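[1] coords below, sequence missing:
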């Protein structure tokens with residue numbers, strides 16, 4: 001191989017590494033959640049405080065120790081979260 005071919009391969013390798021890093025870390029930066037925990041409850045939870053995050057924003061807090069049903073509105077309909085006996089599951093997605 002000639003010197004120009006080595007240079008071309010090196011440039012291609014550097015561009016590839018840069019693109020891999022960009023595509024790996026940019027979505028993590030864009031999709032991160034606000035770390036200030038807006039609207040965090042001050043009360044003591046019977047179980048644990050659970051948070052529902054939609055598009056990077058906190059939309060619902062609920063206590064896993066209180067049996068209840070919570071509904072969160074989304075783009076294509078409602079999401080239902082059912083809490084019973086300290087466990088929760090999502091239904092009607």
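    Arrived safely, thanks for sending. Just so it is clear, the structure is predicted and the values come from calculations on it, not from any experiment.
[2] what is the rounded mean pLDDT of stretch 3-22?
    Across stretch 3-22, the average pLDDT comes to 94.
[3] which secondary structure element is home to residue 81?
    strand 78-84 (DSSP states H and E).
[4] could you pull out the buried residues of that strand?
    79, 81, 83 (16 or more other C-beta atoms under 10 Å). Bear in mind the C-beta positions are built from the backbone N, C-alpha and C, glycine included.
[5] my guess is residue 93 contacts residue 79, does it?
    Yes: using C-beta atoms under 8 Å, residue 93 makes contact with residue 79 at a distance of 5.8 Å.
[6] pLDDT on the host helix or strand of residue 51, on average?
    In this assignment (DSSP H and E), residue 51 forms part of strand 49-54. Confidence for strand 49-54, expressed as mean pLDDT, is 83.
[7] name the SS class of residue 18, please.
    At residue 18, secondary structure determined by DSSP: H, G, I helix; E, B strand; the rest coil is helix.
[8] I am finished for the moment; much appreciated.
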